[in-house]
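Here is the input, now give the coordinates:
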Amino acid sequence: MADDGQKVRMVKCVKLGRELPGLDRPPWKGEIGKRIYESVSKDAWRMWVDHSKMLLNEFHLNPLDPKAQQIMEEQMEQFFFGEGSKLPEGYVAPKH
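Model prediction:
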């Protein structure tokens, strides 16, 4: 296995409760992006990305709209640092 000199940055993941590889860079602007970079693993971020797609679709949010970005920041805060992001009223998970 080639060693390219890059060490994997490990974080104590707040979402999954264990030491895991961290993100390569802050995934969001501002303070929340910095907090996520410091304490959320790549695995937990992938969970959020899936969850955020559902939120965008269910709430009909435009990711470029500043109001939508604020809602997503609040949801991120809950998902990683709060009690978990709330599902939209009446949301039914798709059956696979």
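
how about residue 20, secondary structure?
strand (DSSP: H, G, I helix; E, B strand; the rest coil).

Which residue is the nearest non-sequential neighbour of it?
Spatially, and ignoring its direct neighbours in sequence, residue 20 is nearest to residue 41 (3.5 Å; C-beta to C-beta, 6 or more residues apart in numbering). Every C-beta, even on glycine, is put in place using the N, C-alpha and C of the backbone.

Only the buried residues of stretch 29-47, if you could.
Burial within stretch 29-47, assessed by neighbour count using 16 or more other C-beta atoms under 10 Å, is assigned to 32-33, 35-37, 39-42, 44-45.

Show residues contacting it.
Contact with stretch 29-47 is made by 11-16, 20-23, 25-28, 48, 73, 76-77, 80-81, as judged by C-beta atoms under 8 Å, 6 or more residues apart in numbering.

Now which of the residues you listed would you call buried?
Neighbour counting with 16+ other C-beta under 10 Å marks 11, 13, 15, 20, 22-23, 27, 48, 73, 76, 80 as buried within the contacts of stretch 29-47.

Could you dump the residues you listed into CSV and include pLDDT?
Output for these, formatted as CSV (pLDDT from 0 to 100):
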residue, pLDDT
11, 97
13, 97
15, 95
20, 98
22, 98
23, 98
27, 96
48, 97
73, 94
76, 94
80, 95
